[in-house]
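Trainee: The sequence and its predicted three-dimensional model are supplied below.
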Amino acid sequence: MIERLKADPVTRRIPVHFISAVEDVARAKQLGAIGFLTKPVERDALLDAFERLLQSAPGATRKVLLIDDDPDSRLAVGSLIRSDMVQIVETGSAEDALPLFENDTFDVVVLDLGLPGMSGFEFLDRLGSRVRELPPIVIHSGRELSREESTRLRQYTDSIVIKGTRSLERLLDEISLFLHSVRKDAVPRVLRDLDGGLAGRTVLVVDDDMRNIFALSKILREKGLNVVMAQDGHKALRQIDENAAIEIVLMDIMMPGMDGYETMREIRTRPAHAKLPIIAVTAKAMSGDRDKCLDAGANDYLAKPIDIDKLLSMMRIWLHA
């Protein structure tokens, strides 16, 4: 239902709060919900939800917290999102930002990681231990992230924008996803129609490069898919054995240790997964790659850089086969 509301320009700005017996907070927020409660719901929590809905109703002022030690960066971001309906609070350090949450709430937090004193990572850890429900977090940082850092951030947000060329345009998209609309002349590209043929399905993405995983996962989640991740063949096998919800696999071939070929062969030895759709993804198209992938157990084959439309088409075909 929320997909239909957010796909229609007339109803897109209506705030939605989930109350469900099934806990899936991350997906609810990816689809544009402002909050999530798991049944059974206590009366106070329900009243808080109604208050948040009223605060987020069309016409209500949204509040954005910018945490960045660079005044020029804060000025640029503020100029980008400022409007009559957006109130911006700025601070140059995590130490100054933490006390703000004692008596205030924010619709979005834009956070730089390389702060003086307390880092952005430590700020998130401390904030997560203090508040009952974190607001949407958008990371806006100039540093490249290691695999460990990306994994650490993953528990708080999928919205990571590296400062650089066209980064402000992407940042606007990320912030707009949570604010629904910050400027009448800036319709966020991320609020595209969800693909009804893929929404709600579960995909396992296997790749040893976490940057590839996060980039692809973000696109798939925007289509309404549930994404499970694995960084190598051994972890992929464990995910498949333990997560019965997985319906299709995107398998990178060139991985250290157990590569994609070996992983697919091992999957096919399991009777329960003999027909699990697997799309193999290779770094570059080489003669004979397709046959090698199919022989190893793949159902289909795609070369990098990935053509997203082609990938979605393949996934749609194999999920409905």
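Mentor: Cool, the structure landed.
Trainee: Show me the domain layout of the chain.
Mentor: 2-56, 62-179, 202-319 (automatic domain parsing).
Trainee: Now that we have the ones you listed, can you turn them into CSV and tack on mean neighbour count and mean pLDDT?
Mentor: For glycine as for every other residue, the C-beta is placed from the backbone atoms N, C-alpha and C. What follows is these, written out as CSV (neighbours: other CB atoms under 10 Å; pLDDT from 0 to 100):
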stretch, mean neighbour count, mean pLDDT
domain 2-56, 15, 61
domain 62-179, 17, 83
domain 202-319, 17, 89
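Trainee: Spit out the contact partners of the closest residue to residue 71 other than its chain neighbours.
Mentor: Sequence neighbours aside, residue 92 is the residue nearest to residue 71 in space, at 7.4 Å (criterion: CB to CB, 6 or more residues apart in numbering). By CB atoms under 8 Å, 6 or more residues apart in numbering, the residues touching residue 92 are 67-69, 71, 74, 115-116.
Trainee: Quick check: residue 92 vs residue 280, distance?
Mentor: Using CB to CB, to the nearest Å, we find residue 92 at a distance of 47 Å from residue 280.
Trainee: Which stretches in the chain count as strands?
Mentor: Using DSSP state E, the strands of the chain run over 17-20, 35-38, 62-67, 86-91, 108-111, 137-141, 160-162, 202-206, 226-230, 248-252, 278-282, 300-303.
Trainee: Show me what the shortest one is packed up against.
Mentor: To tie it back to what came earlier, the one meant is strand 160-162. The elements that strand 160-162 packs onto, with contact taken as 3 or more CB pairs under 8 Å, 6 or more residues apart in numbering; DSSP states H and E, are strand 137-141, helix 167-179.
Trainee: just the fifth one next, same as before
Mentor: Identification of packing neighbours for strand 108-111 by 3+ CB pairs under 8 Å, 6+ apart yields strand 62-67, helix 120-130, strand 137-141, helix 167-179.
Trainee: In a markdown table, list the ones you listed along with distance to residue 248.
Mentor: Shown next, in a markdown table, are the helices and strands packed on strand 108-111 (distance: least, CB to CB, whole Å):
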| stretch | distance to residue 248 |
| --- | --- |
| strand 62-67 | 37 |
| helix 120-130 | 32 |
| strand 137-141 | 29 |
| helix 167-179 | 25 |
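Trainee: returning to what we had before: in TSV: the strands of the chain, plus distance to residue 175.
Mentor: Listed next are the strands of the chain as TSV, based on distance: least, CB to CB, whole Å:
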stretch	distance to residue 175
strand 17-20	20
strand 35-38	18
strand 62-67	7
strand 86-91	9
strand 108-111	6
strand 137-141	6
strand 160-162	9
strand 202-206	25
strand 226-230	22
strand 248-252	28
strand 278-282	31
strand 300-303	32
